[in-house]
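J.: Okay, here's the prediction I keep looking at, along with the sequence it came from:
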Amino acid sequence: MKQVIWELKEHRQIAKNTYLMRLSGDTSSLVNPGQFVEVSLPGFYLRRPFSVCDYDEFGATLIYKVLGQGTKAMTRYEKGMKLDVLCGLGNGFDLSKSGQKPLLVGGGAGVPPLYRLCKELTNMGRQATVVLGFNTKEEVFFEQEFLALGAEVIVCTMDGSKGVKGLVTDACAFENHSYFYACGPLPMLKALCSLAKIPGEVSLEERMGCGFGACMGCAVMTKTGPQRVCKEGPVFHKEALVW
Amino acid sequence: MVNTQVSLCGIRLKNPVMAASGTFGFGQEFARLYDINCLGSFSFKGTTLHKRDGNPTPRIAETPCGMLNAVGLQNPGVEKVIEEELPGIAKIFNAPVMANVSGFSVSDYVWVCELLDQCEQVGWLEVNVSCPNVHGGGMSFGTQASSAAEVTREVKKVCKKPVIIKLSPNVTDIVEIAKACEGAGADGLSLINTLLGMRLNLKTRKPLLPFVTGGLSGPAVFPVALRMVYQVYKAVKIPVIGMGGVSSAEDVIEMMLAGATAVQVGSANLVNPYACRDIVKDLPRAMAEYNITSLEQIIGGAH
Ligand SMILES: Cc1cc2nc3c(=O)[nH]c(=O)nc-3n(C[C@H](O)[C@H](O)[C@H](O)COP(=O)(O)OP(=O)(O)OC[C@H]3O[C@@H](n4cnc5c(N)ncnc54)[C@H](O)[C@@H]3O)c2cc1C
Ligand SMILES: Cc1cc2nc3c(=O)[nH]c(=O)nc-3n(C[C@H](O)[C@H](O)[C@H](O)COP(=O)(O)O)c2cc1C
Ligand code: FES
């Protein structure tokens, strides 16, 4: 983990209530897809956790959905603004387990970390299938970006306004894959884990006090006792979780 | 040269800044970021007789200028703390550490304190009779003078090291409880623990924390903490450790003027992992600004 100052270089809406931020600055503490950052927002006491969507040696991309007061305030941030960021938090995904044809499943605000994951898997020569779930077509983002990586992309919407109608679980052909990666709302992750007969790992969200292991605010129960989403996670093996 | 040293129950500290229990773990996360030997000391995570998994999540909520927590004393239990965490602390911190203890019965407190008292690295026992985030223990001991005094008396019987009682602000008269603990033999007092609070989720119209209530901490509580330190200092002869919202070198000085011998920094560590180090570094500048040459000399200066 490293405390860094990132400068906002680009900020735009990419879907309904969904914004993309490109930030420049030190990314040396990022080593794995699925890691996250904690951004300090002026006027708010606690930092806000966001997954790293993509990064290179010069900066990183974050995608956020407007949910409450903090993310609402973020939409007003302008180019040139400097943000205080704790970078390189958590462990991220385990690339070594992917197999040749990994399945990536993302729901809403859980989609961003899968982009970097998909990029790295593709670079390793894996053929990824990406299932993206949203409520309606206005919320869909990054379909083209995943396609550009060379992945097979299946979009689902709850109301059927785009792609497959229904839940992501309806569109997952688990039998064609040997491993899955998922990030999204808890009910989606639970459903996935109970339906999937194949092994896999999920990235969890929890309210955080610190984001780096100091406060025990973010515990999740696992077979080996409570673990910290921010430190041992946010990615956990399906088999490790007790829910 | 300014002098930042203070003496707490006979133990010299290089400066009065300590990290508060529950916001610093067992030091490891912070030692990876900076040399924590710059601190006067730190109080490690509240330790109980048996391991505790803590409360259901969410355990954290934001408030204006602060936060609520309902962690519920998640810790590995005293045996593991002694076997695994203390040797870990020995690698990263050279000075005596403060052992924070919680319990659900007087005998719990006595048992855990007796075990930790025998550990060489432990300088003080900080007995938490004020945790608001557990049922049937913690705060229920600290909200009545008689039970706070009973815990103090029994723990004192088995400990050779200084016993500091950590008081709850969730009481009508903190001075009465402070005096009762002093009367029962306490060597010092820590105040304040968190203030009982709550938040609702407007979408579900239900409490945001499944535990319903949580402990309020952070800058929001600083004036309350300062007032209590001021009142207690006036009423007792034993040293007071002040905490609650401390986030800057100026806050440390203000707490000491109110009567604190040492000052703990809690929630600030969570939002700025370098908070303690930054405060320690900044102390000489703030001292010079307010014409202070020795911190020890300003303790209780506001009275
Ligand atoms: C590891 C991790 C990665 C995340 N990655 C992304 C991402 O890439 N894109 C994205 O849009 N969102 C992501 N989230 C969720 C994001 O952190 C919340 O949406 C955001 O904190 C909401 O802030 P707010 O001020 O708008 O909401 P408010 O409800 O006003 O916030 C109040 C407090 O609750 C916390 N909080 C509220 N909802 C959540 C939540 N779902 N998860 C964690 N904390 C919450 C806030 O951080 C804040 O401390 C991630 C969460 C975690 C834990
Ligand atoms: C997440 C969290 C966990 C805490 N855990 C403990 C604990 O285990 N034992 C204890 O005595 N106090 C605990 N506290 C209270 C703090 O040590 C401190 O008394 C209080 O937070 C006020 O200081 P602050 O405003 O600087 O945080 C905890 C506080 C927080 C925020
Ligand atoms: S958020 Fe503090 S330990 Fe995870």
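T.: Thanks, I have the structure now. Ligands and ions are numbered 1, 2, ... in the order given.
J.: for the residue lying closest to A:Arg47 once chain neighbours are set aside, what are its contacts?
T.: Sequence neighbours aside, A:Glu38 is the residue nearest to A:Arg47 in space, at 3.8 Å (criterion: C-beta to C-beta, 6 or more residues apart in numbering or on different chains). For every residue, glycine as well, the C-beta is placed using N, CA and C. Neighbouring residues of A:Glu38 by C-beta atoms under 8 Å, 6 or more residues apart in numbering or on different chains: A:Arg47, A:Arg48, A:Pro49, A:Val85, A:Leu86, A:Leu89, A:Met208, A:Cys210, A:Gly211, A:Phe212.
J.: Please name the residues that touch whatever residue of the stretch 101-250 of chain B ends up closest to ligand 3.
T.: As assessed by C-beta to the nearest ligand atom, ligand 3 sits closest to B:Ser217 within the stretch 101-250 of chain B, at 13.4 Å. Contacts for B:Ser217 (C-beta under 8 Å, 6+ apart) come out as B:Gly66, B:Met67, B:Leu68, B:Asn69, B:Thr194, B:Leu195, B:Gly244, B:Gly245, B:Gly266, B:Ser267.
J.: for A:Gly106, same thing?
T.: Each residue near A:Gly106 by C-beta under 8 Å, 6+ apart is listed here: A:Pro112, A:Leu114, A:Val130, A:Val131, A:Leu132, A:Gly133, A:Val168, A:Ala182, A:Cys183, A:Gly184.
J.: now it: how far from A:Thr129?
T.: 12 Å (C-beta to C-beta, to the nearest Å).
J.: and what of A:Asp159?
T.: On the measure of C-beta to C-beta, A:Asp159 and A:Thr129 end up 23 Å apart.
J.: just B:Ser43 next, same as before
T.: Counting by C-beta to C-beta, the gap from B:Ser43 to A:Thr129 is 50 Å.
J.: sorry, back to before: out of the contacts of A:Glu38, flag the one nearest to B:Lys166.
T.: Minimum distance to B:Lys166 across these is 21.0 Å, recorded for A:Cys210 (C-beta to C-beta).
J.: The stretch 151-300 of chain B: strands as residue ranges?
T.: B:163-166, B:188-191, B:195-197, B:200-201, B:206-207, B:214-217, B:240-243, B:260-265 (DSSP state E, counting those that start in this stretch).
J.: ok so, going back, so for A:Asp159 and A:Thr129, which residue has more residues nearby?
T.: A:Thr129 (21 against 11; other C-beta atoms under 10 Å in any protein chain shown).
J.: what's across from that one in the sheet?
T.: Under DSSP bridges, the beta-bridge partners of A:Thr129 are A:Leu103, A:Glu152.
J.: Now B:Ala95: closest residue in space, sequence neighbours ignored.
T.: B:Ser41 (5.8 Å).
J.: pull the longest strand from chain A.
T.: strand A:2-15 (DSSP state E).
J.: Show me the residue sitting in the middle of chain A in space.
T.: Central residue check for chain A by C-alpha atoms, centre = their mean: the C-alpha nearest the mean position is that of A:Pro113, 3.2 Å away.
J.: Quickly find the element holding that residue.
T.: Using DSSP states H and E, A:Pro113 maps to helix A:112-123.
J.: is the residue nearest to B:Ala95 in a bridge, and if so with what?
T.: B:Met18.
J.: So what's the residue count around it?
T.: Neighbours of B:Ser41 (other C-beta under 10 Å): 24.
J.: Contacts only, for it.
T.: Neighbour list for B:Ser41: B:Leu13, B:Met18, B:Ala95, B:Pro96, B:Val97, B:Met98, B:Gly123, B:Ala262 [criterion: C-beta under 8 Å, 6+ apart].
J.: What about A:Gly160, how many residues nearby?
T.: Neighbourhood size, A:Gly160 [other C-beta under 10 Å]: 12.
J.: can you tell me the helix or strand for it?
T.: Here A:Gly160 sits in a region with no helix or strand, counting by DSSP H and E.
J.: By mean pLDDT, point me to the weakest helix or strand of chain A.
T.: Least confident helix or strand, chain A: helix A:168-171 with a mean of 89, by mean pLDDT, DSSP states H and E.
J.: buried set for it?
T.: If you call a residue buried by 16 or more other C-beta atoms under 10 Å in any protein chain shown, then helix A:168-171 has these buried ones: A:Val168, A:Thr169, A:Ala171.
J.: The residue of chain B found nearest ligand 2 and ligand 3: what is the separation?
T.: Distance from ligand 2 to each residue of chain B (C-beta to the nearest ligand atom) is smallest for B:Gly22, at 1.9 Å. Look at B:Gly22 and ligand 3: by C-beta to the nearest ligand atom, to the nearest Å, they are 10 Å apart.
J.: if I've got this straight, that residue is in a helix?
T.: No: counting by DSSP: H, G, I helix; E, B strand; the rest coil, B:Gly22 falls outside a helix, being coil.
J.: For it, grab the count of nearby residues.
T.: Neighbourhood size, B:Gly22 [other C-beta under 10 Å]: 32.
J.: So what does it have for phi and psi?
T.: Backbone torsions for B:Gly22, taken as degrees, to the nearest 10, come to phi 90, psi -10.
J.: And for A:Leu195?
T.: Main-chain torsions, A:Leu195, degrees, to the nearest 10: phi -80, psi -40.
J.: Kindly report the same for B:Asp117.
T.: Dihedral angles (degrees, to the nearest 10) for B:Asp117: phi -60, psi -30.
J.: Kindly report the same for the one 10 residues further on.
T.: Recorded main-chain torsions at B:Val127 are phi -90, psi 110, according to degrees, to the nearest 10.
J.: dump the residue contacts of it.
T.: When the contact criterion is C-beta under 8 Å, 6+ apart, the partners of B:Val127 are B:Val101, B:Tyr109, B:Cys113, B:Val151, B:Thr152, B:Val155, B:Val163, B:Ile164, B:Ile165, B:Lys166.
J.: Filter these down to the buried ones.
T.: Buried by 16+ other C-beta under 10 Å: B:Val101, B:Tyr109, B:Cys113, B:Val151, B:Thr152, B:Val155, B:Val163, B:Ile164, B:Ile165, B:Lys166, out of the contacts of B:Val127.
J.: filter these down to the ones near ligand 2?
T.: Checking the buried ones among the contacts of B:Val127 against ligand 2 by C-beta under 6 Å from any ligand atom, the ones in range are B:Lys166.
J.: Low-confidence stretches in the chain?
T.: Using chain A. Flagging of chain A using pLDDT under 70 yields an empty set of residue ranges.
J.: Not quite, go with chain B.
T.: Along chain B, segments meeting pLDDT under 70 span B:136-139.
J.: For A:Lys79, see how far away the residue lying farthest from the centre of it is.
T.: Going by C-alpha atoms, centre = their mean, the residue of chain B most distant from its centre is B:Lys203, 34.8 Å out. B:Lys203 sits 32 Å away from A:Lys79, taking C-beta to C-beta as the criterion.
J.: Quick check: closest non-adjacent residue to A:Thr71.
T.: In this structure, A:Thr71 finds its nearest non-sequential neighbour in A:Tyr64, 5.5 Å apart by C-beta to C-beta, 6+ apart.
J.: what number of residues lie near the one you found?
T.: Neighbour number of A:Tyr64 under other C-beta under 10 Å is 21.
J.: what's the answer for A:Pro112, then?
T.: Burial of A:Pro112 is recorded as 26 neighbouring residues (other C-beta under 10 Å).
J.: List the contacts of it.
T.: Taking C-beta under 8 Å, 6+ apart as the test, what A:Pro112 contacts is A:Phe50, A:Ser51, A:Val52, A:Cys53, A:Leu62, A:Ile63, A:Gly106, A:Phe142.
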